[in-house]
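Chemist: coords please:
(chains A and B, ligands or ions: 4)
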Amino acid sequence: MHEMSIALSIIEAVEAKAREEGAERISGIDLVVGKLAGIQPESLRFCFSAAAKGSMAESALLQIEEPEGIGECMECGRKFPVSFYYAECPECRSLKIGIVSGEEFTIQTITIAEEGD
Amino acid sequence: MCDTCGCSTEGGVVLRKPGETGYHLHIIESDHESLIHSHDEAHSHDHSHHHHHEESSGRKVLLEQDVLLKNNLLAERNRGFFEARNIFALNFLSSPGSGKTTLLEKIIPLILPHSPVAVIEGDQQTTNDAERIHALGVPVIQVNTGSGCHLDAMMINRAVKELELQNNSLLCIENVGNLVCPAMFDLGEALKVVVISVTEGDDKPLKYPNMFHEANLCILNKIDLLPYVDFDARKCRENALRVNHHLEWMEVSAKTGEGFDVWQQWIESKLKQR
Ligand SMILES: Nc1nc2c(ncn2[C@@H]2O[C@H](COP(=O)(O)OP(=O)(O)OP(=O)(O)O)[C@@H](O)[C@H]2O)c(=O)[nH]1
Ligand SMILES: [Zn+2]
Ligand SMILES: [Zn+2]
Ligand SMILES: [Zn+2]
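Modeler: Numbering: from 1, shown residues only, chains lettered A, B, ... in the order given. Ligands and ions are numbered 1, 2, ... in the order given. Predicted coordinates:
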């Protein structure tokens, strides 16, 4: 299951950033996981809580934003929602569709716990 | 515990070479650590205070970092190394048992008169595949991923340092048999080849669209079995092309050698183009 190794790399990345910021504890992580990214947010959450044990992100709240897939027809330019890599243009029936959104997989922000904040 | 040296590395990644019983190398986490740090300078600092979500109080710091950034940077380093030495690297992906190793066993002797070949074999536990390639007399290294279900750029980076790669050669990377995760990890290869066999469903491309979307070439293997199985090759090809209209398609049998002339030509023309 790749969500586990991905959870571990998220923790590595946020810990590195937190250290850079001189922080000791991460209270929140905001992720963007597009619906076409090939990641199950639920199994990612599950793996994350296991992987975060003993790390700076142990008690971090994971917020996951899931942008919808949006395709653009390469024949007529029409943009429309897609749930998979294959789709048919609702305008001209073309199958030549480019993906313009939904493949995102980023760590947007971390929240650093601070005394008295 | 590692069964070769008895050290306490648990479930980690191990490199092994056929014919060298004493040789093995653990890829340990501290290596990962040192590499992440060297890549971290580039990010902008944002010390502004935001309080969007009351659940997690504190100071919000902007990262906007690709989750797979570390892997992708390392993959680019691998790619640079391959380009500098004119090594053409192919990443072979498939579900288990579709015939990747057999395809390599059969194609390598056909390529060898024209170009040196080396192989990186990914597998969770065994060195069986590497032994089979070793029998052909080409440099091969086995990457045992333990519980890991895919190869990543770090493993390739390490494996390449242990392989005597020649300039102007072909490097075949056999990924772990799994149609989900390996598609997400760039290894630094030039092209991805997805292998599917006629004993699987012709709807495979629709079930695992990410894999087919990422691939450059799809090889349908075991076509010698077509008379005995309920598999519609034309439908499978259509499904694959729906997911990825740039995908090249080839039909072969690693058992009979049918279709290999086309495949050999494909590789040789790519070797010339690089
Ligand atoms: N009939 C037939 N059998 C094949 C063909 N190619 C491979 N096989 C058989 O399929 C089985 C699996 O082949 P492998 O080459 O080990 O498959 P693989 O993809 O390397 O398997 P993993 O590394 O375990 O994922 C073996 O028993 C092969 O002999 C083919 O073209 N036709
Ligand atoms: Zn996986
Ligand atoms: Zn259209
Ligand atoms: Zn194999």
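
Chemist: Would you agree A:S9 falls within a helix?
Modeler: Yes: the assignment for A:S9 is a helix, going by DSSP: H, G, I helix; E, B strand; the rest coil.

Chemist: Whatever residue of chain B ends up closest to ligand 1 sits in which helix or strand?
Modeler: Of all residues in chain B, B:G177 sits closest to ligand 1, at 2.7 Å by C-beta to the nearest ligand atom. For glycine as for every other residue, the C-beta is placed from the backbone atoms N, C-alpha and C. Using DSSP states H and E, B:G177 sits in no helix or strand.

Chemist: Surely it and B:S98 touch.
Modeler: Yes: with contacts counted by C-beta atoms under 8 Å, B:G177 reaches B:S98, the gap being 7.4 Å.

Chemist: what about the two, which has more around it?
Modeler: B:S98 (26 against 21; other C-beta atoms under 10 Å in any protein chain shown).

Chemist: which bits of the stretch 101-250 of chain B sit near chain A?
Modeler: Proximity of the stretch 101-250 of chain B to chain A (C-beta under 8 Å from any C-beta of the partner chain) is limited to residues B:148-150, B:152, B:180-181, B:183-184, B:206, B:209-210, B:212-213, B:242-245.

Chemist: before we move on, the earlier item: how about the contacts made by the residue of chain B closest to ligand 1?
Modeler: B:G177 makes contact with B:S94, B:S95, B:P96, B:G97, B:S98, B:K100, B:D123, according to C-beta atoms under 8 Å, 6 or more residues apart in numbering or on different chains.

Chemist: The fifth one and B:I196: what is the separation?
Modeler: Which is B:S98. Noted for B:S98: a distance of 6 Å to B:I196, by C-beta to C-beta, to the nearest Å.

Chemist: Give the residues shared as contacts by these two.
Modeler: Taking C-beta under 8 Å, 6+ apart as the criterion, B:S98 and B:I196 both touch B:N221.

Chemist: How are the helices of the chain distributed by residue range?
Modeler: Because you didn't say which chain, this covers chain A. Secondary structure of chain A, counting by DSSP state H: helices at A:2-20, A:41-51.

Chemist: think we crossed wires, I meant chain B
Modeler: For chain B, helices defined by DSSP H occupy the ranges B:29-38, B:69-84, B:100-111, B:128-134, B:153-162, B:204-207, B:209-214, B:233-243, B:260-273.

Chemist: worst average pLDDT in these?
Modeler: In terms of average pLDDT, helix B:29-38 trails the rest of those, at a mean of 35.

Chemist: before we move on, the earlier item: which among the helices of chain A is found nearest to ligand 1?
Modeler: Each of these has some distance to ligand 1 by C-beta to the nearest ligand atom; the shortest is helix A:2-20, at 16.6 Å.

Chemist: packing partners for that closest one?
Modeler: strand A:26-33, helix A:41-51, strand A:105-112, helix B:29-38, strand B:59-66, helix B:69-84 (3 or more C-beta pairs under 8 Å, 6 or more residues apart in numbering or on different chains; DSSP states H and E).

Chemist: Thank you kindly, that will do.
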